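> any chance you can model this:
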Amino acid sequence: MRAWDTTQYRRARLRISRMPCQQCGNPPPSTVDHIIPVSTGKREGWSLSRINHPSNLRPLCRTCNSRGGAAITNSR
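Numbering: from 1, shown residues only. Reported below is the predicted structural model:
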C-alpha cells in the first residue's frame with residue numbers, strides 16, 4: 001500500500017469510528033467494518049488500496065460487527 005493510501009485509510013477509520021452503528025444505531029465509538037470482506041477482496045484479486053478504500057468501510061458497533069463474519073451484508 002502506498003503512503004497516501006495508508007493516510008487515507010487511517011483518516012477514514014478515525015472519521016468512521018466517531019459515527020453511530022449503521023446496523024442498529026448504537027452511539028459511537030464504532031468499529032470499522034469492510035463491506036466487501038478482506039478475504040473476498042483478496043480472493044478476487046483486489047489491491048489493498050481498493051479493499052481499504054473509504055467507500056468499502058462502514059461503522060458498526062462491536063456486537064453487530066462480530067455477527068457479520070466474512071459475509072457481505074446490506075447496509076442501511
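> contacts and neighbour counts: CA atoms only from here.
Fine.
> just the helices from the protein, written as ranges.
Listed in chain order, the helices of the chain (DSSP state H) span 3-17, 38-43, 48-51, 62-68.
> pLDDT score assigned to Ser75?
Listed pLDDT for Ser75 reads 53.
> ok, back up a step: worst mean pLDDT among the helices of the chain?
Confidence, taken as mean pLDDT, is least for helix 3-17 of the helices of the chain (a mean of 82).
> distance between it and the chain's centre?
Helix 3-17 has its C-alpha centroid displaced from the chain centroid by 11 Å (CA atoms, centre = their mean, to the nearest Å).
> for stretch 51-63, same thing?
Centroid separation between stretch 51-63 and its chain, computed with CA atoms, centre = their mean, is 2 Å.
> how long is it from one end to the other?
Length of stretch 51-63, first residue to last, CA to CA, to the nearest Å: 22 Å.
> and stretch 47-58, by the same measure?
19 Å.
> what comes into contact with that stretch?
1-2, 5, 8-9, 12, 16, 22, 32-38, 41 (CA atoms under 8 Å, 6 or more residues apart in numbering).
> in it, what's buried?
51-54, 57-58 (16 or more other CA atoms under 10 Å).
> again, but for stretch 59-68
Quick answer for stretch 59-68 (16+ other CA under 10 Å): 59-61, 64-65.
> could you export the residues you listed as a markdown table, including distance to Gly45?
What follows is those, written out as a markdown table (distance: CA to CA, whole Å):
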| residue | distance to Gly45 |
| --- | --- |
| Pro59 | 25 |
| Leu60 | 25 |
| Cys61 | 28 |
| Cys64 | 27 |
| Asn65 | 24 |
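> from the residues you listed, which two are the most distant?
With distances taken as CA to CA, the most widely separated pair in those is Pro59 and Cys64, at 9.7 Å.
> now, the buried residues of stretch 47-58 that are in strands?
57-58 (DSSP state E).
> nearest to Asn26 among the buried residues of stretch 47-58?
For those, the nearest to Asn26 is Arg58 (13.4 Å; CA to CA).
> quick one: the closest one from Asp33, how far?
Arg58 is 5 Å from Asp33, where distance means CA to CA.
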